[in-house]
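>>> With the input below, show me the fold.
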Amino acid sequence: MDMQDNAIDVRRKTFLKFSPPNLTEAEIQAVVETLRSGWVTRGPRTGQFETEFKDYLGAASALAVNSCTAAMHLALVALGVQPGDEVITTTMTFISTVNVIEHVGARPVLVDVEPDTLTLDPARAAAAITPRTKVMMPVHYAGHPADLAPILDMAQQHGLKVIEDAAHALPAAYEGRKIGTIGDLTAFSFYATKNLTTGEGGMLTGDPDLVERARILSLHGMSRDAWNRYDAKGDWYYEVAVPGFKYNMTDIQAALGIVQLSRLEAMQQRRREIVDRYNAAFSQIAEVEIPTERTNAESSLHLYVLHLNLDMLTIDRAVFIEELKRRNIGSSVHFIPIHLHPYYRDKYGLQPTDFPVAYGAYERIVSLPLHSLLSDEDVQDVIAAVTDIVKRNRR
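Presented below is the predicted three-dimensional model:
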């Protein structure tokens with residue numbers, strides 16, 4: 001241990017993971033029961049999870065799939081998006097949001113974000129609409145809903161459809177309505193780090209006709225799924241209506257999801273308690289800015305994204321993250337903007353400063369641990385680490 005290590009007096013004894021899943025004995029037993037049932041792929045539990053998820057949100061329809069990426073891809077295909085079409089979305093998102101646009105042969109039209117929420121800027125989106133625009137794809141960044149009212153207004157005005165990337169946004173709300181009940185289609189993620197997890201998995205909600213089209217597409221384009229063909233009352237006959245995909249959720253995943261959904265409100269309450277403690281502490285530190293939550297929205301609190309005021313610090317974001325790690329605090333960055341990735345940068349001739357708000361934010365954001373397993377002591381360790389790093393490196 002060198003002298004610099006000796007200088008750190010707020011080091012935890014164990015490493016604090018950034019975002020582990022909150023799984024209990026109830027989830028384990030649900031999976032065991034599913035394994036013992038003899039039916040492990042899509043079947044009755046998946047159907048139950050779809051129904052309970054739909055009812056929880058108040059959505060018109062729901063389809064369980066194997067990832068949020070699959071849900072977004074299905075949404076685009078169900079809407080008939082094809083080569084020559086344009087889809088407007090944000091550069092401040094995970095790569096899957098834009099990859100699926102490429103997969104259907106359409107052109108992703110990236111726009112910048114609003115500086116407070118880092119969600120799609122409606123004014124910039126409006127300026128990007130052309131006769132080829134078919135879909136607008138806002139992303140509910142970190143769990144905070146994008147400003148949907150102007151997005152929906154311009155979609156109606158121009159005859160466009162709205163697909164919401166709600167990978168972070170369960171449960172979130174906008175102007176009193178739950179995300180998943182607003183746009184034409186909404187895609188959710190149940191990845192291991194999400195507020196509700198099935199290990200891998202996702203859900204598509206929205207217009208029943210579009211969801212039903214996506215349902216057929218999610219099972220090779222067949223007219224009936226395996227459960228309906230192989231159970232005691234099933235019929236072996238099926239027809240392929242369209243060349244589809246293998247995107248279905250399994251009953252093993254759904255068993256996890258059913259239990260997680262029943263625990264979601266309690267897990268969310270814990271997230272809110274943690275965020276309140278973070279906000280109270282970090283709002284007193286001039287060198288950092290806390291996340292925004294607008295009065296007309298309710299964030300799912302999926303991520304706690306701290307903004308560093310780098311002009312007030314003697315270190316950059318990379319060193320800040322290393323200093324957290326040296327204090328046994330896990331962290332991450334959400335996200336590397338799309339226009340910085342070589343494929344999109346080179347294909348569309350993009351420069352870092354083409355999207356100044358997203359690029360400027362990217363250079364100074366860090367995501368701190370936020371999950372419902374954090375103890376009060378864990379939270380205090382994060383606060384102490386951030387406070388100590390700032391104290392030692394302020395200008």
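
>>> All the helices of the chain, residue numbers only.
For the chain, the helices defined by DSSP state H cover 3-6, 25-37, 44-57, 68-78, 95-103, 122-128, 148-158, 208-217, 226-230, 251-282, 317-326, 342-347, 356-362, 376-393.

>>> Identify, out of those helices, the most deeply packed stretch.
helix 68-78 (a mean of 27; mean count of other CB atoms under 10 Å). Just so you know, the C-beta spots here come from the backbone N, C-alpha and C atoms, and that holds for glycine as well.

>>> hang on, the earlier thing: do you know which of the helices of the chain lies nearest L196?
Among these, the nearest to L196 by CB to CB is helix 251-282 (4.5 Å).

>>> Let me know the angle separating the closest one from helix 376-393.
Relative orientation of helix 251-282 versus helix 376-393 (axes from the mean of the first three to the mean of the last three CA atoms, to 10 degrees): 50 degrees.

>>> Now do helix 251-282 against helix 25-37, angle only.
Using the same axes, to 10 degrees: helix 251-282 against helix 25-37 is 170 degrees.

>>> Do me a favour and average the pLDDT over helix 251-282.
When pLDDT is averaged over helix 251-282, the result is 98.

>>> I'd like the distance from that helix to the chain centre, please.
14 Å (CA atoms, centre = their mean, to the nearest Å).

>>> Low-confidence stretches in the stretch 1-150 of the chain?
Along the stretch 1-150 of the chain, the parts satisfying pLDDT under 70 run over 1-7.

>>> Quick one: the helices of the chain as a markdown table, columns for distance to V139 too.
Output for the helices of the chain, formatted as a markdown table (distance: least, CB to CB, whole Å):
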| stretch | distance to V139 |
| --- | --- |
| helix 3-6 | 39 |
| helix 25-37 | 28 |
| helix 44-57 | 18 |
| helix 68-78 | 10 |
| helix 95-103 | 6 |
| helix 122-128 | 12 |
| helix 148-158 | 11 |
| helix 208-217 | 19 |
| helix 226-230 | 33 |
| helix 251-282 | 20 |
| helix 317-326 | 21 |
| helix 342-347 | 15 |
| helix 356-362 | 11 |
| helix 376-393 | 26 |
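
>>> Let me know the pLDDT of V242.
88.

>>> In this structure it contacts A214, no?
No - using CB atoms under 8 Å, V242 is not in contact with A214; the gap is 11.0 Å.

>>> residues contacting the residue nearest to I285 when sequence neighbours are not counted?
Computed as CB to CB, 6 or more residues apart in numbering, the closest residue to I285 that is not its neighbour in sequence is V390, at 5.7 Å. Residues near V390 by CB atoms under 8 Å, 6 or more residues apart in numbering: I285, E287, V288, L313.
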